[in-house]
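> pasting the structure only:
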């Protein structure tokens, strides 16, 4: 994944918002849950979700038409 800093909205260990537009994202390692529609309609092509993630809510990647690859952890 890219080295540029990515900004995420969060509530504790829950990822609640992604205001960015990077084609590749790496969700921070301390995130345990991705909320609904966080990446809705984004131009994400590749996403890496951290080990320790235990919940990926409905529609998290909905309408991400360019999405090609998601790395899912074994904890999901």
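Alright, I've got the coordinates. Treat the numbers as computed from the prediction; the structure is a model and nothing was measured. Numbers count the residues shown, from 1 in each chain.
> For the chain, give me the ranges with low pLDDT.
Confidence mapping of the chain against pLDDT under 70 gives the ranges 1-5.
> okay, now residue 25: neighbour count?
Neighbour count for residue 25, taken as other C-beta atoms under 10 Å: 21. (C-beta placed from N, C-alpha, C; glycine too.)
> How about residue 49?
The number of residues packed near residue 49 is 21, by other C-beta under 10 Å.
> How about residue 19?
Neighbour tally, residue 19, other C-beta under 10 Å: 9.
> any idea whether it is helix, strand or coil?
Following DSSP: H, G, I helix; E, B strand; the rest coil, the label given to residue 19 is coil.
> Please report how far it lies from residue 63.
With distances taken as C-beta to C-beta, to the nearest Å, residue 19 is found 16 Å from residue 63.
> Isn't residue 69 up against residue 45?
Yes. Using C-beta atoms under 8 Å, residue 69 is in contact with residue 45, at 7.5 Å.
> who has more neighbours, those two?
residue 45 (15 against 10).
> Contact partners for the more buried one?
Taking C-beta atoms under 8 Å, 6 or more residues apart in numbering as the criterion, residue 45 is in contact with 23-24, 66-69.
> Now secondary structure too, for the residues you listed, in JSON lines please.
Converted to JSON lines, the contacts of residue 45 look like this (three-state DSSP):
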{"residue": "23", "secondary structure": "coil"}
{"residue": "24", "secondary structure": "strand"}
{"residue": "66", "secondary structure": "coil"}
{"residue": "67", "secondary structure": "coil"}
{"residue": "68", "secondary structure": "coil"}
{"residue": "69", "secondary structure": "strand"}
